[in-house]
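>>> Give the three-dimensional model of this entry:
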Amino acid sequence: MFMTRSLLYGSTNLIPTLHLLMASNIFSIQFQPSILRSTVKLHFSTITSISKAPRRFYGAVRASKLHQSRSCCSDAVVVVKDGKYGNKQVISLTPQIYDYMLANVREPEILRELREETASMRGSQMQVSPDQAQLLAMLVQILGAQRCIEVGVYTGYSSLAIALVLPESGQLVACERDAKSLEIAKMYYERARVSHKVDVRHALAADTLRSLIMNGEAGSYDFAFVDAEKRMYHEYFELLLQLVRAGGVIVVDNVLWHGKVADPLVNDPKTISIREFNKNIMEDSRVSISMVPIGDGMTICHKR
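Numbering: from 1, shown residues only. This next block holds a predicted model:
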């Protein structure tokens, strides 16, 4: 695979994760410049002053802006390197395109308030993005889900998005080990009037999942979302496969892991764990899968 990396120039509006568009290992990964203006330099070696050559100056400025505009458009496209795919062009999420996407996300006011409060907290990068939450909620609605599980709640943005679309008789088991984060989540469940739909479990997620299985709840859940300790993904997945019914869906977050999974030079324990999880799930005949380049990458698994 060919990999190109260009410097990422700062946009304070970037979410903590880099949004990369790729499929398996056939796409080139390109970290895009967010402010092309910072890379453009005008050279006027023959101009002694602006007043002496205004036409040349403004002509150069116009040419520079045109170059920026064309670069912005071209940087939004990544071409598949393998000719067998017909030089397929795909969209790469530049900050400009991502801002446009977010402007077209339907985010309930209560979710916006929780997102903004969480943004000032330590570890705020763990919160899913609005476009991810919208997709999770839609999957729950399409399934007609009644019983859901979330592994890793943090301050509750994704769980609240799910609870809001569950029917009144629905239930979400929300697994989280951090008490401080859970207090914020529970406050927003109350404000959104969905507390009766959320069964908060303050414990290690694996222990909670095992207790549900021992309680005879195997095969009784419609939907599960995993966004917790990365080195535990394999164990979470195996336990959730027991709990989710045939035809149900398991969604796993952070499968692109800031692009590290595609970099053979990166081999820290979390990256290796996610890389191995992706490989194993690719070969797992128990589920149909789709890796979606949204947020930090999500894999949607449909249990057969």
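>>> what bits of the stretch 51-200 of the chain have low per-residue confidence?
Across the stretch 51-200 of the chain, the stretches falling below the confidence threshold (pLDDT under 70) are 51-74.
>>> That one: strands as residue ranges?
In chain order, the stretch 51-200 of the chain shows strands spanning 77-79, 89-91, 147-151, 171-176, 198-202, with DSSP state E, counting those that start in this stretch as the criterion.
>>> Just the CA trace of stretch 249-264, in PDB.
Extracted C-alpha coordinates of stretch 249-264, given in PDB (Å, rounded to 0.1, in the frame of the first residue of the first chain):
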ATOM      1  CA  VAL A 249     -26.100  -5.800  15.300                       C
ATOM      2  CA  ILE A 250     -22.900  -5.100  17.100                       C
ATOM      3  CA  VAL A 251     -21.000  -1.900  16.300                       C
ATOM      4  CA  VAL A 252     -17.400  -1.500  17.300                       C
ATOM      5  CA  ASP A 253     -15.800   1.900  17.500                       C
ATOM      6  CA  ASN A 254     -12.200   3.100  16.900                       C
ATOM      7  CA  VAL A 255     -11.300   0.400  14.400                       C
ATOM      8  CA  LEU A 256      -9.100   2.800  12.400                       C
ATOM      9  CA  TRP A 257      -7.400   4.000  15.600                       C
ATOM     10  CA  HIS A 258      -6.300   7.400  14.300                       C
ATOM     11  CA  GLY A 259      -4.900   5.700  11.200                       C
ATOM     12  CA  LYS A 260      -2.300   3.800  13.300                       C
ATOM     13  CA  VAL A 261      -3.600   0.400  12.200                       C
ATOM     14  CA  ALA A 262      -2.500   1.100   8.700                       C
ATOM     15  CA  ASP A 263       1.000   2.100   9.600                       C
ATOM     16  CA  PRO A 264       3.300  -0.900   9.900                       C
END
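>>> starting at the chain centroid, how far to stretch 195-210?
Its chain's C-alpha centre lies 23 Å from the corresponding centre of stretch 195-210 when counted by CA atoms, centre = their mean, to the nearest Å.
>>> typo on my end, it should be stretch 274-283
In this view, stretch 274-283 has its centroid 18 Å away from the chain centroid, taken as CA atoms, centre = their mean.
>>> List the neighbours of that stretch that are in contact with it.
Residues external to stretch 274-283 that are found in contact with it (CB atoms under 8 Å, 6 or more residues apart in numbering): 230, 233-234, 237, 252, 254-255, 257, 260-261, 287, 289, 291, 299, 301. To be clear about C-beta, it is placed using only N, CA and C from the backbone, and glycine gets the same treatment.
>>> one more time with 10 Å
Outside of stretch 274-283, the residues that reach it under the criterion CB atoms under 10 Å, 6 or more residues apart in numbering are 24, 226, 230-234, 236-237, 250, 252, 254-257, 260-264, 266-267, 287, 289, 291, 296-297, 299, 301.
>>> follow-up on the earlier one: packed most tightly, which of the strands of the stretch 51-200 of the chain would that be?
Across the strands of the stretch 51-200 of the chain, averaging neighbours per residue (mean count of other CB atoms under 10 Å) puts strand 147-151 on top, at a mean of 27.
>>> partners of that one, with directions?
Using DSSP bridges, strand 147-151 pairs in its sheet with strand 171-176 (parallel), strand 221-226 (parallel).
>>> Where helices are concerned, which of the contacts of stretch 274-283 count?
Per DSSP state H, helices hold the following members of these: Tyr233, His234, Tyr236, Phe237.
>>> before we move on, the earlier item: just so I know, which of the strands of the stretch 51-200 of the chain lies nearest Ser158?
Proximity to Ser158, assessed across the strands of the stretch 51-200 of the chain by CB to CB, is greatest for strand 147-151 (6.5 Å).
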